[in-house]
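**Student:** Give me coordinates for this.
(one chain, ligands or ions: 1)
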Amino acid sequence: MNSRILPRTPFVRTRVRNLLRMSCAPLLSAALLLGPCQPGLAQYEALELGSGEPAAPALSAGGVTLFQNVRIFDGRNAALSVPSSVLIRGNIIEQISADPAVTEARAGVRVIDANGRVLMPGLIDAHWHMFMAAVSPAILVTADPGYLNLLAARQAEATLMRGFTTIRDMGGPVFGLKRAIDEGVTVGPRIYPSGAMISQTSGHGDFRSRYEVPRTLGGPLSQSELAGVAAIADSPNEVRLRVREQLRQGASQIKLMGGGGVSSPHNPIESIQFTEAELHAAVEAAENWGTYVAVHAYTPAAIRQAIAAGVKCIEHGHLIDEPTAKLLADKGIWWSLQPLTYDADVFARMSPVSQKKALEVFAGTENAYTLARKYKVKTAWGADILGDAGAASRQGQYLAMMVRWYTPAEALMMATADNGELMALSGFINPYPGKLGVVEAGALADLLLVDGNPLDDINLVANPDKNFVVIMKDGRIYKDTLSK
Ligand SMILES: [Zn+2]
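**Tutor:** Residues are numbered from 1 along each chain as shown. So this is what the prediction gives:
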């Protein structure tokens, strides 16, 4: 064992030995013993870091912070505020004032003199895959889960350092990672997890190898199902079961594959996946838990079937037609759309079958954004990177790219206040109740201080290392280059 993870006190060493011994005990007694004594945060800190060290490298542990002399982009308005002060207490924005006397620095307050820089809400990515964004498919299917989780934790920290303080994870085993971030064990954004992507046999989430098919009805699960990446279901009852399993683990919304996809080899892009009855079973189970279903669908037929089943959010939709875009607008359904365009790195890694499908989707991007704008569909922004570390590191560039179709202010509103509204659709199981994506009194304190005005130059968000001088999440500062 390396000294960083070696337990430091006899008490903790005994505990670890006991835990190890328990894990060898028969299943029933292990469950009985481990149930009441699951380690809480205090024990994690003791196990991993020793006493006295902070659990996470946050530069401040909440408390009270005062940003002085900022101009605010609040997530909703296209103009900056007059020079103001913003006071954060704990994890909440307590007060915003243009009168310096109202928010004067007091003892015990961490003061950040912003010198007129722009304060904006932390960015939200509505379609991200923390477990798979930066890991190549070859590693994903061969590496052990411990290694993959460490890579995911590293990617989570990188994501936060790119200014993304919240992500909606649209598929992958991130429940443990989310817990570790929320407890301060590791660093990363808020995660709205979907858990496993639910797919029909041969659907976009059927990642099985040739030798794993056919499966006997009720037979053993495939590797990607055991890993929590996908869940295969072929009837309303099976769909209900898989949905409820994700909810049990803490999914804040449910993701189903409702049509063909690019990266999966065994389904045509035109295919309609699941039946309306199957999708409806998922919608019912999710709504009984206060939340909603999001469906992967590119074509009008797949989108329409999802709408008929009561789905509240369409993922992608790049091959949509005009009447279907209008239908989304009329019914107030969210369109989680990504600026999918040719990326040489990503394209080079695709199989010839996927390349052909990808070109079809890329060709639809222009039309999709034109229609989303024309009908004022509630549009969410997401990057949706899979399997490419280089592309994942360019997450902010995919946001900056939105100025092909929107003003910088519109694009930034989409990635802040609008996406924040979509996060709230999780209803009473929202893991982070409170306002996200806005700078206003009472909102959660997820903030970026930007060196420059992103409403003039959105490319500032594409170079977060240089341009985001302070990154705050939940009232804690994770980056501050001004105070050095
Ligand atoms: Zn995706």
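
**Student:** If we ignore the residues flanking it in sequence, what's nearest residue 481?
**Tutor:** Excluding its sequence neighbours, the residue lying closest to residue 481 (CB to CB, 6 or more residues apart in numbering) is residue 469, at 4.8 Å. C-beta coordinates here come from the backbone N, C-alpha and C atoms, glycine included.

**Student:** Only alpha carbons, please: show the stretch of helix or strand the one you found belongs to as CSV.
**Tutor:** Residue 469 belongs to strand 468-473 when assigned by DSSP states H and E. This file holds the C-alpha atoms of strand 468-473, laid out as CSV (Å, rounded to 0.1, in the frame of the first residue of the first chain):
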residue,chain,number,x,y,z
PHE,A,468,-11.7,31.8,-15.7
VAL,A,469,-9.8,33.4,-12.9
VAL,A,470,-12.1,32.2,-10.1
ILE,A,471,-14.3,29.0,-10.2
MET,A,472,-16.8,28.6,-7.3
LYS,A,473,-19.1,25.7,-6.8
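
**Student:** what does the average pLDDT come to for the helix or strand harbouring residue 422?
**Tutor:** Take DSSP H and E as the rule and residue 422 turns out to sit in helix 419-423. Helix 419-423 shows a mean pLDDT of 98.

**Student:** neighbouring contacts of that helix?
**Tutor:** If you take CB atoms under 8 Å, 6 or more residues apart in numbering as the criterion, helix 419-423 is touched by 75, 121, 124-126, 166, 168, 192, 313, 334, 336, 378, 380-381, 430, 432, 435-438.

**Student:** Swap in 7 Å and give it another go.
**Tutor:** Helix 419-423 is contacted from outside by 124, 126, 166, 168, 192, 313, 334, 380-381, 435-438, using CB atoms under 7 Å, 6 or more residues apart in numbering.

**Student:** Return the distance of it from the chain's centre.
**Tutor:** Mean-position distance between helix 419-423 and its chain equals 11 Å (CA atoms, centre = their mean, to the nearest Å).

**Student:** Quick one: name whatever helix or strand follows it.
**Tutor:** Toward the C-terminus from helix 419-423 - assigned by DSSP H and E - lies strand 447-450.

**Student:** Note down every partner strand of that following strand and its orientation.
**Tutor:** As defined by DSSP bridges, the strand partners of strand 447-450 come to strand 118-121 (antiparallel), strand 468-473 (antiparallel).

**Student:** The ones you listed into TSV, with extra columns for distance to residue 186, mean neighbour count and mean pLDDT?
**Tutor:** Formatted as TSV, the strands paired with strand 447-450 follow (distance: least, CB to CB, whole Å; neighbours: other CB atoms under 10 Å; pLDDT from 0 to 100):
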stretch	distance to residue 186	mean neighbour count	mean pLDDT
strand 118-121	23	28	98
strand 468-473	13	24	98
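
**Student:** For the chain, what lies in contact range of the ion?
**Tutor:** Residues of the chain lying near the ion by CB under 5 Å from the ion: 170, 384.

**Student:** Residue 347 touches residue 355, doesn't it?
**Tutor:** Yes. When contacts are counted by CB atoms under 7 Å, residue 347 is listed as touching residue 355 (6.4 Å).

**Student:** The closest residue to residue 129 other than its chain neighbours in helix, strand or coil?
**Tutor:** Of all residues beyond its chain neighbours, the one nearest residue 129 is residue 172 (5.0 Å), with distances taken as CB to CB, 6+ apart. Here residue 172 takes the coil state, with states given by DSSP: H, G, I helix; E, B strand; the rest coil.

**Student:** list the contacts for residue 172?
**Tutor:** Residues near residue 172 by CB under 7 Å, 6+ apart: 129, 130, 131, 132, 229.

**Student:** Pick out the most distant pair among those residues.
**Tutor:** Greatest spatial distance among the contacts of residue 172 (CB to CB): 130 and 229, at 12.1 Å.

**Student:** any idea how far the residue in the stretch 101-250 of the chain positioned nearest to the ion lies from residue 410?
**Tutor:** Closest approach between the stretch 101-250 of the chain and the ion, counting by CB to the ion: residue 170, at 4.7 Å. The gap separating residue 170 from residue 410 is 23 Å, by CB to CB, to the nearest Å.

**Student:** who has more neighbours, the two?
**Tutor:** Neighbours were tallied for residue 170 and for residue 410 using other CB atoms under 10 Å; the higher tally belongs to residue 170 (24 against 16).

**Student:** got the contact list for the more buried one?
**Tutor:** Contacts of residue 170 (CB under 7 Å, 6+ apart): 127, 128, 129, 194, 255, 294, 315.

**Student:** likewise residue 386?
**Tutor:** Taking CB under 7 Å, 6+ apart, we find residue 386 in contact with 129, 132, 133, 263.
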